[in-house]
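Undergrad: attaching a predicted model along with its sequence, questions to come.
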Amino acid sequence: MLLLIPGPVMTHPDVRAAADRDIAPWDHDVRAEIGALLVRLRRLAGGQDGVHVALPLPGSGHFMVEAAIRTFVPSERNRGHGPEGGILIPATGQYADRMVRLAREAGRRVTILPASLTRPLDPAAVESALRADPGISHIGMVHSETSTGVIHDPEAIGAVVRKLGRRMILDAVSAFGALPIAMTDHPEVDALIFTPNKCLEALPGFSIAVCPVDRLDECGGRAESWSFDLADIYQNGLANGPGAGRFTPPIQALAALGTALDRLDAEGGREVRLARYRDNMAALYDGLEGLGLRPFLPRSVQGPIIMNVHAPAHPDWDLRRFVEALKRRGVLISNFRNTEEPSMRIGAIGAIARPDILRAVAAIGETLDELGLRPMTRAA
Ligand SMILES: *Cc1c(COP(=O)(O)O)cnc(C)c1O
């Protein structure tokens, strides 16, 4: 089956093979290997030795978004431990909405900034929202909005956040490994968050945050949760070695990520990977337009990670039925939509290339025909 979903993505057989063994996470050699893996991840994130650290947390990306919010954003309840705070979350799509829920349920004060679903976030809007409320300590921003396909710009937004002396939590889960971001250029970032199973093309099971060590020292004790406390994970690493976990880690998934990073290096690094994804996306965009389908985003805004396309304007359209029919042709796409209007989401990331996309486009065309949904091609 060809998976064109926004994670977990297709992986190389070598990556899966790395997980095909029993491993003792508490063994000293294994701890050293995990420690080395974390150094590699910190470097990949443009972090500096002694200034930044990569921290692992078992669980999916949402777990890390919650951990970052708990660790760095002061809450009403723990005011005694430090300053008041709150988090501004621009409503860029479903992943931003999820961050809102995680922050609220962690008891943090959330301010929602209305935002466009079809354009990158406006730095001026962020600036006026932050100026209007000096009590907002953080912005929680999604780098690649996996619900819409729009890439938001941490360079432009980060400059505003730095200027106003606030902090940023950056959900780069569907961006990291392909889109550029370097912690050294972003002293305003408290946590750069990503997972192994998107652009790094490895297996799911844990998530990573790269954080400044001085902030981890400063913010200890805020999390109100042992499980989700990044400052505690950091302290444990100092006490027992950086590869030491507090609880059983998903050790096979960690091992697979090492192999996946070897493959990223062998491919030529992040920029070469991004070029492959851009080529995948160009083939997908052209192909779906060629079938007469209408993209959700104009080409100028379409990011290289995932594409939303409007469903054919046909009374018989049913996403579930379409996905099942397409699956019978060996292609799996996302089976839920994030837009208000009926649409479908197709990923362009993972261990795939243009021929895979062309095969998928052909299968989509055949499925539209099979279900009698082929939209009218636009008049010349
Ligand atoms: C995939 C993703 C996440 C995390 O999803 P999990 O299913 O929890 O791993 C978070 N943010 C974005 C933007 C994502 O694409």
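TA: Perfect, I can see it now.

Undergrad: ok and the residue in this structure nearest the ligand?
TA: For the chain and the ligand, the shortest gap (Cβ to the nearest ligand atom) falls at residue 61, measuring 2.5 Å. To be clear about C-beta, it is placed using only N, CA and C from the backbone, and glycine gets the same treatment.

Undergrad: per-residue confidence at the nearest residue to residue 248 once chain neighbours are set aside?
TA: In space, and not counting its chain neighbours, residue 248 is closest to residue 25: 6.3 Å by Cβ to Cβ, 6 or more residues apart in numbering. Looking at residue 25, its pLDDT is 94.

Undergrad: all further residue positions should be reported with the first residue as 395.
TA: Taking 395 as the first residue, the last one we looked at is residue 419.

Undergrad: and the stretch 395-544 of the chain, which residues reach the ligand?
TA: For the stretch 395-544 of the chain, the residues in contact with the ligand (Cβ under 6 Å from any ligand atom) are 400-401, 454-456, 489, 536, 540.

Undergrad: so who does the residue nearest to residue 642 touch?
TA: Residue 419 is in contact with 425, 428, 639, 642-643, 645, counting by Cβ atoms under 8 Å, 6 or more residues apart in numbering.

Undergrad: in which helix or strand would I find it?
TA: Following DSSP states H and E, there is no helix or strand that holds residue 419.

Undergrad: and if you look at residue 464?
TA: helix 455-466.

Undergrad: so residue 563 belongs to a strand, correct?
TA: Yes - applying DSSP: H, G, I helix; E, B strand; the rest coil, one finds residue 563 inside a strand.

Undergrad: picking up where we left off before, what does the helix holding residue 464 rub up against?
TA: Under Cβ under 8 Å, 6+ apart, the answer for helix 455-466 is 451, 481, 492-493, 496-497, 500, 502, 532, 534, 561, 563, 565, 567, 584-585, 587-589, 601-603, 605, 609-610, 613, 616-619, 622-625.

Undergrad: mind doing that once more with 6 Å?
TA: Helix 455-466 has contacts (Cβ atoms under 6 Å, 6 or more residues apart in numbering) with 451, 493, 496-497, 500, 502, 563, 565, 567, 584-585, 587, 589, 601, 603, 613, 617, 619, 622, 624-625.

Undergrad: just those residues: which are in helices?
TA: Judged by DSSP state H, helices contain the following of the contacts of helix 455-466: 493, 496-497, 624-625.

Undergrad: now those residues in JSON lines, with pLDDT?
TA: Shown next, in JSON lines, are those (pLDDT from 0 to 100):
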{"residue": "493", "pLDDT": "98"}
{"residue": "496", "pLDDT": "98"}
{"residue": "497", "pLDDT": "98"}
{"residue": "624", "pLDDT": "98"}
{"residue": "625", "pLDDT": "98"}
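
Undergrad: now those residues as JSON lines including neighbour count?
TA: Putting those into JSON lines (neighbours: other Cβ atoms under 10 Å) gives the following:
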{"residue": "493", "neighbour count": "26"}
{"residue": "496", "neighbour count": "23"}
{"residue": "497", "neighbour count": "26"}
{"residue": "624", "neighbour count": "26"}
{"residue": "625", "neighbour count": "22"}
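
Undergrad: what about residue 527, how many residues nearby?
TA: 11 (other Cβ atoms under 10 Å).

Undergrad: report the buried members of the contacts of helix 455-466.
TA: With neighbours counted by 16 or more other Cβ atoms under 10 Å, the contacts of helix 455-466 contain buried members at 451, 493, 496-497, 500, 502, 563, 565, 567, 584-585, 587, 589, 601, 603, 613, 617, 622, 624-625.
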